[in-house]
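Engineer: Fold the following and give me the result.
(2 chains)
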Number of protein chains: 2
Amino acid sequence: MKCRKCGGAAALELRRHNAAFCSPHFLEFFRKQVREAIRKHRMFTTDEPVMVAVSGGKDSLALWDVLIEDGYRTTGLYLDLGIFDYSVESKAKCEAFAQARGVPLIISRVEEEMGAPVPIIKQVTRRPACSGCGLSKRYLMNRTALEHGFPVVATGHNLDDEAATLFGSVMHWQMDALPRQSPALASTHPKLVRRVKPLYRLSERETAAFAFMRKIDYIVDECPFAKGATSIAHKETLNLMEEASPGAKHNFLFGFLDKARVAFERVDNVELKECTRCGQVTTGELCAFCKLSEHVRGAMTGPVTRGAPGAPRAPHAPDPA
Amino acid sequence: MKCRKCGGAAALELRRHNAAFCSPHFLEFFRKQVREAIRKHRMFTTDEPVMVAVSGGKDSLALWDVLIEDGYRTTGLYLDLGIFDYSVESKAKCEAFAQARGVPLIISRVEEEMGAPVPIIKQVTRRPACSGCGLSKRYLMNRTALEHGFPVVATGHNLDDEAATLFGSVMHWQMDALPRQSPALASTHPKLVRRVKPLYRLSERETAAFAFMRKIDYIVDECPFAKGATSIAHKETLNLMEEASPGAKHNFLFGFLDKARVAFERVDNVELKECTRCGQVTTGELCAFCKLSEHVRGAMTGPVTRGAPGAPRAPHAPDPA
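Structural biologist: Numbering: from 1, shown residues only, chains lettered A, B, ... in the order given. Next comes the predicted model:
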């Protein structure tokens, strides 16, 4: 197999693009895809400070690497979920990455903000860990970005993540989630920052190859709570389809974005208010994060009321970053 | 396991309904589902003549059986596709069924109408057999119904068929096919009859059980051309999901019908004309059936021009009836 660009020995075959690349030209291809994503969806410019949500995994660190190299003004945000050794190790990877490149890293601890780390939230709510975790991450990403003056948060979601989320939304026809499935979510309120996914054009295999070639030291282990998650089952289903028909995942996601997404867009008449406790955007009086936090703190001090009705039902969403 | 109705020994467990039934109560359940489909979508009344497209398989013969027992004025339509022994045997099953119950059966031969049977169409067009076959069946069902004064054609598509077709349309976001995915397609032109699918609420396993309990003699073999068809791969994917989560197929199809389908409905400005050759409805001058027929007849008399551009590209759709 030869590199499509230079004819040298290929290091990686990309079946869905019917192409192969040597290492240097794969790195070029990868960066071009990120640039194309940023350009096409006007994600951010080099004039803006960009917060990059990093988990210590291959995707978010690969993203940060590309953005640094391309001269963006980035700051990392590591959310410490308090998930045993997994969090200790992944935090160390982020710190080492930031230090080696001389870029700033903000660390926020879920335990401090919510009142308990993810394993305790899981216990108290008796819901899958991903539920309270996803909710906390989305909330803290937005709030931290606001507090530090970042207009935009970039996450490391890749093509596989996005296709799996879309697949889950479609299997249940989640009419709320479908219009929000996008590589770039605009700010619809002064207290909501933009959320962008510059890796949405690149597969998990490609981000892994990029991280490997760039010698990025990332955490290889999956989150211990991810086992059995629906999103992983969806990824497996999509992988089987991809094997039978290369490009299936890409066509599924891009077909949605190009043709179908608009069909689900509606003028939402939902009035956005500010949470009476934390001031963040919500549709009710108290935001979902504060509700969960109250429940968790109550359960930890008073008698344990497991699975109380106040526990929010966040849709399960993979959040690699 | 006990029957939900009478507490007797259950013959069949329906995991997605979290229920089990003995044979008599399963037959009752089955018929109720068909009645509910007919009622909900106003498919037809006992005052109208109904054409039932029968393939000799379990689904269409089970459907015919229910409609006869419920007092509908049915006539069978068997389309002889000329697929070797498969067609010979399936035709015999339909004839025996019709004769035993004293109901009329119309037989139409694709070879006569198109100029060649399905295996030759496949050869000439160099497309999957299902392409020309599906096109021919849809065309001949409609034309035969019109010619014999039937306002409606009922087919034996079951829940698995419908979910698999929807799955295929969604994986490619076929924006033309999605709004047409429905248990009941209204007549949008005087020369288009209604098309209805009274079994869309019942799974393949359920139609097989019904046919077995009712001692219907049907053809068990699959069409020899079905092997490797995308629709079968989609069914396998959905079966894996159903196994992991009973009701997945049902939720996927019914969620679409209840919530999402409306999002894909558009006012089609496509002008419907009548084919200059056969008078049937088309969007061009010559309808797809006549185009294909011309191509097939030309190839069989003159020098073979394989895969000519005139060959229509009908979307692959499973047509069990």
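
Engineer: all contacts plus neighbour counts: C-alpha atoms, from now on.
Structural biologist: Will do.

Engineer: show me where chain A has strands.
Structural biologist: For chain A, the strands defined by DSSP state E occupy A:12-14, A:19-21, A:49-54, A:73-80, A:105-109, A:152-154, A:184-185, A:194-196, A:273-274, A:281-282.

Engineer: residue ranges with poor pLDDT in chain A?
Structural biologist: Where chain A drops to pLDDT under 70, the residues are A:267-269, A:302-321.

Engineer: hmm, back to that, can you lay out the strands of chain A as TSV showing distance to residue A:206?
Structural biologist: Below are those laid out as TSV (distance: least, C-alpha to C-alpha, whole Å):
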stretch	distance to residue A:206
strand A:12-14	9
strand A:19-21	11
strand A:49-54	18
strand A:73-80	22
strand A:105-109	25
strand A:152-154	18
strand A:184-185	21
strand A:194-196	19
strand A:273-274	40
strand A:281-282	36
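
Engineer: Same list (those strands) but as CSV, adding mean neighbour count and distance to chain B.
Structural biologist: Shown next, in CSV, are the strands of chain A (neighbours: other C-alpha atoms under 10 Å in any protein chain shown; distance: least, C-alpha to the nearest C-alpha, whole Å):
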stretch, mean neighbour count, distance to chain B
strand A:12-14, 17, 20
strand A:19-21, 20, 22
strand A:49-54, 26, 30
strand A:73-80, 22, 32
strand A:105-109, 17, 35
strand A:152-154, 27, 27
strand A:184-185, 20, 20
strand A:194-196, 22, 23
strand A:273-274, 16, 27
strand A:281-282, 20, 25
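
Engineer: any idea where the helices of chain A begin and end?
Structural biologist: For chain A, the helices defined by DSSP state H occupy A:23-40, A:58-69, A:84-101, A:110-114, A:118-125, A:129-147, A:159-171, A:177-180, A:204-213, A:230-244, A:248-255, A:261-264, A:288-301.

Engineer: Now mean neighbour count and distance to chain B too, for the ones you listed, in a markdown table please.
Structural biologist: Output for the helices of chain A, formatted as a markdown table (neighbours: other C-alpha under 10 Å; distance: least, C-alpha to the nearest C-alpha, whole Å):
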| stretch | mean neighbour count | distance to chain B |
| --- | --- | --- |
| helix A:23-40 | 17 | 21 |
| helix A:58-69 | 23 | 25 |
| helix A:84-101 | 17 | 28 |
| helix A:110-114 | 17 | 32 |
| helix A:118-125 | 21 | 22 |
| helix A:129-147 | 20 | 19 |
| helix A:159-171 | 24 | 5 |
| helix A:177-180 | 17 | 10 |
| helix A:204-213 | 19 | 19 |
| helix A:230-244 | 17 | 7 |
| helix A:248-255 | 21 | 5 |
| helix A:261-264 | 17 | 5 |
| helix A:288-301 | 19 | 26 |
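
Engineer: Please identify which of these is closest to residue B:229.
Structural biologist: For residue B:229, the closest of these is helix A:230-244, at 12.0 Å, according to C-alpha to C-alpha.

Engineer: Quick one: distance of that closest one to the chain centre.
Structural biologist: Remark: helix A:230-244 is offset 19 Å from the chain centroid, using C-alpha atoms, centre = their mean, to the nearest Å.

Engineer: Equivalent analysis for stretch A:18-26, please.
Structural biologist: Offset of stretch A:18-26 from its chain centre (C-alpha atoms, centre = their mean): 26 Å.

Engineer: can you list the helices of chain A in CSV and add distance to residue B:284?
Structural biologist: Below are the helices of chain A laid out as CSV (distance: least, C-alpha to C-alpha, whole Å):
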stretch, distance to residue B:284
helix A:23-40, 37
helix A:58-69, 50
helix A:84-101, 61
helix A:110-114, 62
helix A:118-125, 60
helix A:129-147, 52
helix A:159-171, 34
helix A:177-180, 35
helix A:204-213, 45
helix A:230-244, 35
helix A:248-255, 27
helix A:261-264, 27
helix A:288-301, 55
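
Engineer: Which of those helices sits closest to residue B:162?
Structural biologist: Comparing those under C-alpha to C-alpha, the one sitting nearest is helix A:159-171, at 13.8 Å.

Engineer: Report all helices and strands that the closest one contacts.
Structural biologist: Where contact means 3 or more C-alpha pairs under 8 Å, 6 or more residues apart in numbering or on different chains; DSSP states H and E, helix A:159-171 is packed against helix A:177-180, helix A:204-213, helix A:230-244, helix A:248-255, helix B:248-255.

Engineer: now that helix and helix A:204-213, what's the angle there?
Structural biologist: Angle, helix A:159-171 to helix A:204-213, by axes from the mean of the first three to the mean of the last three C-alpha atoms, to 10 degrees: 160 degrees.

Engineer: Skipping its backbone neighbours, what lies nearest residue A:106 in space?
Structural biologist: With C-alpha to C-alpha, 6 or more residues apart in numbering or on different chains as the criterion, residue A:106 has its nearest non-adjacent residue at 4.8 Å, and that residue is residue A:77.
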